[in-house]
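**Student:** got a predicted model here, sequence first, then my questions.
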Amino acid sequence: MDEPHIQKGFREEIYKLMRLLPNDKVTTYGDLAAMAGQPRAARIVGGIAHQGPDDLPWHRLVNREGGLAIGFPGGQDVQLQLLQADDIGCVDYKIDNFGERRWRPQDLDLNLRLL
DNA sequence: CTCGTGACGGCGA
DNA sequence: ATCGCCGCCACGA
């Protein structure tokens, strides 16, 4: 697997991971950070997100509580609309642990194996 | 060059 | 169970 050279660019890694994120799933900053090899760098993911290219599905990144981050431009309304556009809509993530909407590290692993 | 801050989250008290 | 502190990488001043 191509895991060892993670530090080539945490940023790049995040971008790569986001491109692997299925359109019908959501993930958390923390999980994404963990996938990139830095379980405690969730914050960075958010920071990177805000800087990153807009061709990436940032709206499908949610915080641990299941809602979009506080500082998203336009507020949660925009986020919600984008999620609905992806046929996800509003979900009580917090309650049912994202149900099947959550994209977890093991899903990434599974994804890579299937490739 | 250094310093501070940030779309967050884990862990200790 | 809640509250608060620390950390992680990148980027702007």
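**Tutor:** It's in.
**Student:** hey, where'd the helices end up in chain A?
**Tutor:** Under the criterion DSSP state H, helices of chain A are mapped to A:10-20, A:29-35, A:42-51, A:76-85, A:93-96, A:105-114.
**Student:** give me the residue from chain A nearest DNA strand C.
**Tutor:** Taking C-beta to the nearest atom of the strand, DNA strand C has its nearest neighbour within chain A at residue A:10, 3.2 Å off. Glycine gets a C-beta too; all of them are placed from N, C-alpha and C.
**Student:** for the closest residue to that residue other than its chain neighbours, what are its contacts?
**Tutor:** Excluding the flanking residues, the one nearest residue A:10 by C-beta to C-beta, 6 or more residues apart in numbering is residue A:36, at 5.9 Å. Residue A:36 is in contact with A:6, A:10, A:13, A:14, A:17, A:45, counting by C-beta atoms under 8 Å, 6 or more residues apart in numbering.
**Student:** ok, residue A:38 - contacts?
**Tutor:** A:10, A:44.
**Student:** surely residue A:76 and residue A:66 touch.
**Tutor:** No. With contacts counted by C-beta atoms under 8 Å, residue A:76 stays clear of residue A:66, the gap being 11.3 Å.
**Student:** what is the neighbour count of residue A:37?
**Tutor:** For residue A:37, the count of nearby residues is 13 (other C-beta atoms under 10 Å).
**Student:** these two touch, right, it and residue A:17?
**Tutor:** No. The criterion here is C-beta under 8 Å, and residue A:37 misses it with residue A:17 at 10.5 Å.
**Student:** more neighbours, residue A:76 and residue A:66?
**Tutor:** residue A:66 (19 against 14).
**Student:** was I right to think the more buried one contacts residue A:98?
**Tutor:** Yes. Taking contacts as C-beta under 8 Å, residue A:66 lies within contact range of residue A:98: 6.6 Å.
**Student:** test my guess that residue A:104 contacts residue A:31.
**Tutor:** Yes. Using C-beta under 8 Å, residue A:104 makes contact with residue A:31 at a distance of 6.0 Å.
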